[in-house]
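Participant: generate coordinates for the sequence data below:
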Amino acid sequence: MSEKKMSSSRRHYLKSLMLSIAKGLLEEEAKENEQERIRWMEENCPPLSLPGGTQQLMEFLKELHHKIDVIDEERYDLENKVNKSTKEIEDLNIKVIDLKGKFKKPTLRKVRMSADAMLQALLGSKHKVSMDLRANLKQVKKEVKEEDKELRNVGDWRQNIEDKSGMDGRKKMFESES
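Facilitator: Numbering: from 1, shown residues only. Model (predicted):
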């Protein structure tokens, strides 16, 4: 621990100090934005002077509607330019990602699919490839040993019990083991 830990009161003091400085900067920025807006409005929007007569008022309104139409056309053109450039940016980003060779791996979910269905999905419906793995396996013949046959041919279990019952059976059992 080469760095000393800061006490919580010191940390809270520094945090509040930073927040107060940031608040002051935001207030100054808001004032500057308001002054910039007022300056721009004075340059681009002359003060409103309403005419006194009805005919003059109608001409003023026609002129105002014409200005609104011009501004809407400009807005529409700029909106189309922005949309076109965003699509172009997206295409260029995709090209950059392709050139880098780094792809975002999507989250995969488990899908139950047989081998035949997987091959058909990969190769399409034209290729009919059957992947019957059991058909390709070799046939192996099982060799049965004689000892196994003797163990399996125990015979009737009742007879075995009768043979082993009594003193004679126990004697036979000890004789066969030795």
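Participant: domain ranges for this structure?
Facilitator: Per the TED database, the structural domains of the chain span 13-46, 55-103.
Participant: a markdown table for these, including distance to residue 117?
Facilitator: Yep, even glycine has a C-beta here, placed from its N, CA and C like the rest. Converted to a markdown table, those look like this (distance: least, Cβ to Cβ, whole Å):
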| stretch | distance to residue 117 |
| --- | --- |
| domain 13-46 | 60 |
| domain 55-103 | 25 |
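Participant: can you redo those domains as JSON lines with mean neighbour count?
Facilitator: Shown next, in JSON lines, are the domains of the chain (neighbours: other Cβ atoms under 10 Å):
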{"stretch": "domain 13-46", "mean neighbour count": "10"}
{"stretch": "domain 55-103", "mean neighbour count": "10"}
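Participant: how about the ones you listed, which one is nearest residue 138?
Facilitator: With Cβ to Cβ as the criterion, residue 138 lies closest to domain 55-103 of the domains of the chain, at 41.8 Å.
Participant: sorry, back to before: want to throw the domains of the chain into TSV with mean pLDDT?
Facilitator: Formatted as TSV, the domains of the chain follow (pLDDT from 0 to 100):
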stretch	mean pLDDT
domain 13-46	93
domain 55-103	90
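Participant: what's the closest of these to residue 116?
Facilitator: That would be domain 55-103 among these, by Cβ to Cβ, at 28.6 Å.
Participant: dihedrals phi and psi, residue 142?
Facilitator: Phi and psi for residue 142, reported as degrees, to the nearest 10, are phi -90, psi 130.
Participant: for the chain, what spans make up the helices?
Facilitator: For the chain, the helices defined by DSSP state H cover 8-44, 54-100, 115-123, 146-152, 157-164, 166-177.
Participant: need those helices in TSV (columns: distance to residue 109).
Facilitator: What follows is these, written out as TSV (distance: least, Cβ to Cβ, whole Å):
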stretch	distance to residue 109
helix 8-44	44
helix 54-100	23
helix 115-123	15
helix 146-152	49
helix 157-164	55
helix 166-177	62
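Participant: okay then, goodbye and thanks.
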